[in-house]
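Peer 1: sequence and computational prediction follow.
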Amino acid sequence: MSVQLNHTIVHTRDNRASAEFLGGILGLVPGETWGPFVPLDLANGVTLDFVSTDIDFPVQHYAFLVSEAEFDGIFARITEAGVTYYPSPRLDNPGHINRNDGGRGMYFLDPNGHAMEVITKPYGG
């Protein structure tokens, strides 16, 4: 068996609200609470397990590779929700996307300050 990422834990202040925020933006539905986790299953078999915590946690970065059509839907939901988006991880030039590697991409922050990225072409593409 080759090595694969199966799941990762996303620290949050409110696991259900955070999973619903990201799921809503990406067009995904969070799963039922399992122990302390609210899972968000991605198409490639990886699960983001959202957990609530009161401890300080570092801001993380999560990048999602999507189709052009999925990007259009995500962009529409971000715009409709009034979420600020950026073309780079520096979070400068708000309200713009990038066109790196012949695709489209953008960054936005979740309610916990985690940097989310959506791209249509892998880097080096």
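Peer 2: Looks like it came in fine.

Peer 1: how deep is Val10 tucked in, by neighbour count?
Peer 2: Residues contacting Val10 under the criterion other CB atoms under 10 Å number 22. From N, CA and C alone the C-beta is placed, and that goes for glycine too.

Peer 1: run through the bridge partners of the nearest residue to Gly31 once chain neighbours are set aside.
Peer 2: Nearest residue to Gly31, sequence neighbours excluded (CB to CB, 6 or more residues apart in numbering): Pro39, at 4.2 Å. Using DSSP bridges, the beta-bridge partners of Pro39 come out as Asp49.

Peer 1: which residue is the nearest non-sequential neighbour of Gly24?
Peer 2: The shortest distance from Gly24 to any non-neighbouring residue, by CB to CB, 6+ apart, is to Arg77 (6.6 Å).

Peer 1: OK, contacts around the one you found?
Peer 2: When contacts are counted by CB atoms under 8 Å, 6 or more residues apart in numbering, Arg77 is found next to Gly24, Ile25, Gly27.

Peer 1: can you confirm the second one is in a strand?
Peer 2: Same thing as Ile25. No. Note on Ile25: no strand contains this position according to DSSP: H, G, I helix; E, B strand; the rest coil, which reports helix.

Peer 1: Glu80 is in contact with that one, correct?
Peer 2: No. Under the contact definition of CB atoms under 8 Å, Ile25 does not touch Glu80, with a separation of 10.0 Å.
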